[in-house]
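A.B. asks: okay, predicted coordinates and the sequence, questions at the end:
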Amino acid sequence: MSLPLVHIYCDGACSPNPGLGGWGSILIAPERNGYRKELQGSEADSTNNRMELTAALAALKALKTPCRVQVFTDSKYVCNAFAEKWLDTWQGNGWRTSGKKAVSNADLWRELLEAVRVHQVTWHWVRGHSDDVENNRADALAVAARLELAARLGR
């Protein structure tokens, strides 16, 4: 029996960068009549890259069973870390870049690697702020989460 298929669209937003951050994720199960779930959150002190990672991580953690997952992100940072094997290099270097600097967001990368191990994940880069309806919705969720946080903090 094959694993259930889930499409994840995720995006992060931070303004200023670093500053108030928000993230949004959409999980769609095409084999379950298009069932969908939207997630969002925010952090008072973050960066755009951390929010991009958090969006993907939160969506993967929301899956209750192993799945075949297609992740769609407009973050080349996230997508290329898998596609171009940056993570393999960073881990092999003790979480150091080829320039011997500490890898940024190593805490989230480690968590993401753990979340990915449970599933069969394929990463897809999509152009942000273009004609991808679900990516645009994930962006809207991220921006709304950031704006809600800003309002709560009076910023």
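C.D. replies: Looks like it came in fine.

A.B. asks: just the pLDDT for residue 1.
C.D. replies: At residue 1, the pLDDT value in this model is 68.

A.B. asks: and residue 73, by the same measure?
C.D. replies: What the model reports as pLDDT for residue 73 is 97.

A.B. asks: hang on, it packs against residue 51?
C.D. replies: No: contact criterion Cβ atoms under 8 Å: residue 73 and residue 51 do not qualify, at 11.3 Å. The C-beta positions use only the backbone N, C-alpha and C, and glycine is treated the same way.

A.B. asks: and these two? which has more neighbours close in?
C.D. replies: Neighbour tally, residue 73 and residue 51, criterion other Cβ atoms under 10 Å: the higher count belongs to residue 51, 28 against 25.

A.B. asks: not counting its neighbours along the chain, what's nearest that one?
C.D. replies: Nearest-residue entry for residue 51: residue 12, 2.7 Å, with adjacent residues in sequence omitted and distances by Cβ to Cβ, 6 or more residues apart in numbering.

A.B. asks: just say helix, strand or coil for the one you found.
C.D. replies: Of the three states, residue 12 takes strand according to DSSP: H, G, I helix; E, B strand; the rest coil.

A.B. asks: that one: how many residues sit nearby?
C.D. replies: Neighbour count for residue 12, taken as other Cβ under 10 Å: 33.

A.B. asks: kindly report the same for residue 154.
C.D. replies: Other residues near residue 154 number 5, with proximity taken as other Cβ under 10 Å.

A.B. asks: how close does it sit to residue 16?
C.D. replies: Distance of residue 154 to residue 16, given as Cβ to Cβ, to the nearest Å: 16 Å.

A.B. asks: residues in contact with the longest helix seen in the chain?
C.D. replies: In the chain, taking DSSP state H as the definition, the longest helix is helix 133-153. Contact partners of helix 133-153, identified using Cβ atoms under 8 Å, 6 or more residues apart in numbering, comprise 7, 9-15, 20-26, 28, 38-44, 51, 55, 72-74, 126, 128-130.
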